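Student: model this:
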Amino acid sequence: MDYTDLNLIGSTSPHIRTRDGAGHIMGEVIIAMLLPLAFAVYNFGPRALAAALVSVAGCCFFEFLYRALLRKNNTLGDLSAVVTGILIAFVCPVTVPYWILLIGDFFAIVVVKQLFGGVGKNFLNPALAARAFMLSWAGEMTTWVGPRSSVPLQGAVDAVTYPTPMALLHEGNLSGLQQMYDLPKMFVGLIGGSMGEVSSLLLILGGLFLIWRKVITWYIPVSYIGTVAALTFLFPRGNDPVQWMLYNLLGGGLMLGAFFMATDYVTSPVSHLGQAIFGVGCGLVTVFIRYFGSYNEGVCYAILIMNLTVWIIDKNIKPHRFGVAKEKKEARSKAPDQTKKEAAGK
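Tutor: Next up, the predicted model:
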């Protein structure tokens, strides 16, 4: 066969490409967050929408400014700053002052993301790292209002600290929580808490949408939620195991963290087994903090801690290379040691 007339092009991997770039993927994530955002507006008033818009604007501004000052290409088109802005608003109470949101935006975009090289280079989830930093203002970050509250768009917020489900669970007061919220209200989201984490129903629907669109896989959410479910069922702290487990699953930021935070491409393992181990680790640390820590919730710090272990998970759990037999791989790994021994003998 004559190959002289073939127009062959040599290139480096990857050889199979897709049109679904970062902007397309982030757009899918934004779509998945629209329903929880709409419910936040319904549950806490228009200030929830204003907070989300301020946070998105702050993230986009700091990313544009940083890259312009350093004369780098503009990356606003990948929409990662928009996703980070929404998530930062989601993990805050609706009463949080706008200036704290902007400080969190700066920390997430400049310190956590851009100083390490930009999108794809950060080793911590920017939104969760920002939330951990924003807890420097603990009073403002832990002032909660009840469901169906009307919070003014601007000016001082005259809010009374309202007990969230996690505060009562931290005390082991399941009976008090049951008197305040039944399970249907917990599932729908008619509870107090951070503006974007209250509706487990809509967060699950958003997560299932992302799985259906193949934006994320099910390994991390299932292993994360499953670990929390197993531990809280086995160790109910003197309460009814099923009720205790369900309230722990539906309270706090577990659903938001499992579907939208822990599944971040950059800060989670690449292999399926690694993702499952990562999810189990998140679940273990979450329950440990909830049970033994002084802080009511453990999702934020659990994911951040496990972000720091991703490198070792990826290093030790590698997928099988196509076309390479196991025996050859073992012989190849032993070859350098054998060469050193021979050289030492000579």
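Student: and Tyr301, how many residues sit next to it?
Tutor: 18 (other C-beta atoms under 10 Å). All C-beta atoms are positioned from the backbone trio N, CA, C, and that covers glycine.
Student: any chance you could map the strands in the protein?
Tutor: Remark: strands of the chain are absent; assignment by DSSP state E.
Student: so where is it shaky, pLDDT-wise?
Tutor: Where the chain drops to pLDDT under 70, the residues are 1-20, 152, 154-162, 319-346.
Student: Find the centremost residue of the chain, please.
Tutor: Met261 (0.9 Å; C-alpha atoms, centre = their mean).
Student: how near is that residue to Thr286?
Tutor: Met261 sits 12 Å away from Thr286, going by C-beta to C-beta, to the nearest Å.
Student: now do Phe64
Tutor: Distance check for Phe64 against Thr286: by C-beta to C-beta, it reads 35 Å.
Student: swap in Leu135?
Tutor: 17 Å.
Student: More neighbours: these two, which one.
Tutor: When Leu135 and Thr286 are compared for neighbours, Thr286 comes out ahead with 30 against 14, by other C-beta under 10 Å.
Student: Looks like the more buried one contacts Ala302 (just checking).
Tutor: Yes: under the contact definition of C-beta atoms under 8 Å, Thr286 touches Ala302, with a separation of 4.2 Å.
Student: anything in contact with each of the two?
Tutor: Here Thr286 and Ala302 share the contacting residues Gly257, scored by C-beta atoms under 8 Å, 6 or more residues apart in numbering.
Student: before we move on, the earlier item: just give me the residues shared between the contact sets of Met261 and Thr286.
Tutor: Val299.
Student: residues making contact with stretch 74-88?
Tutor: Identification of contacts with stretch 74-88 by C-beta under 8 Å, 6+ apart yields 21-23, 26-27, 29-30, 33, 37, 52, 55-60, 62-64, 67-68, 101, 104-105, 108-109, 113, 118-119, 126-127, 130-131, 196, 260-261.
Student: Report the buried residues of it.
Tutor: Thr75, Asp78, Leu79, Ser80, Ala81, Val82, Val83, Thr84, Gly85, Ile86, Leu87, Ile88 (16 or more other C-beta atoms under 10 Å).
Student: Run through the residues that contact the residue nearest to the centre of the chain.
Tutor: Counting by C-beta under 8 Å, 6+ apart, Met261 has contacts Leu87, Asn125, Ala127, Leu128, Val299, Ile303.
Student: any idea which of these is closest to Pro165?
Tutor: Val299 (13.1 Å; C-beta to C-beta).
Student: Please tell me how far the closest one sits from Arg131.
Tutor: 10 Å.
Student: ok, now Gly85?
Tutor: 13 Å.
Student: and what of Val41?
Tutor: 20 Å.
Student: just Gly283 next, same as before
Tutor: Using C-beta to C-beta, one gets 19 Å for the distance from Gly283 to Arg131.
Student: what does Trp144 give?
Tutor: 15 Å.
Student: So for these two, which sits in the more crowded spot?
Tutor: Arg131 (26 against 21).
Student: neighbours around the residue lying closest to the more buried one once chain neighbours are set aside, how many?
Tutor: Spatial nearest neighbour of Arg131, excluding adjacent residues (C-beta to C-beta, 6 or more residues apart in numbering): Val91 at 4.6 Å. Counted with other C-beta under 10 Å, the neighbours of Val91 add up to 28.
Student: Surely Val91 touches Glu297?
Tutor: No: at 9.9 Å, Val91 and Glu297 do not qualify as touching, with contact defined as C-beta under 8 Å.
Student: Now for these two: what residues contact both?
Tutor: Counting by C-beta under 8 Å, 6+ apart, the common neighbours of Val91 and Glu297 are Gly253.
Student: in the stretch 201-346 of the chain, which spans are helices?
Tutor: According to DSSP state H, counting those that start in this stretch, the stretch 201-346 of the chain carries its helices in the segments 219-234, 241-250, 254-256, 272-292, 299-307, 310-316, 326-345.
Student: Which elements pack onto the shortest one?
Tutor: What it means is helix 254-256. For helix 254-256, the packing partners by 3 or more C-beta pairs under 8 Å, 6 or more residues apart in numbering; DSSP states H and E come out as helix 200-212, helix 219-234.
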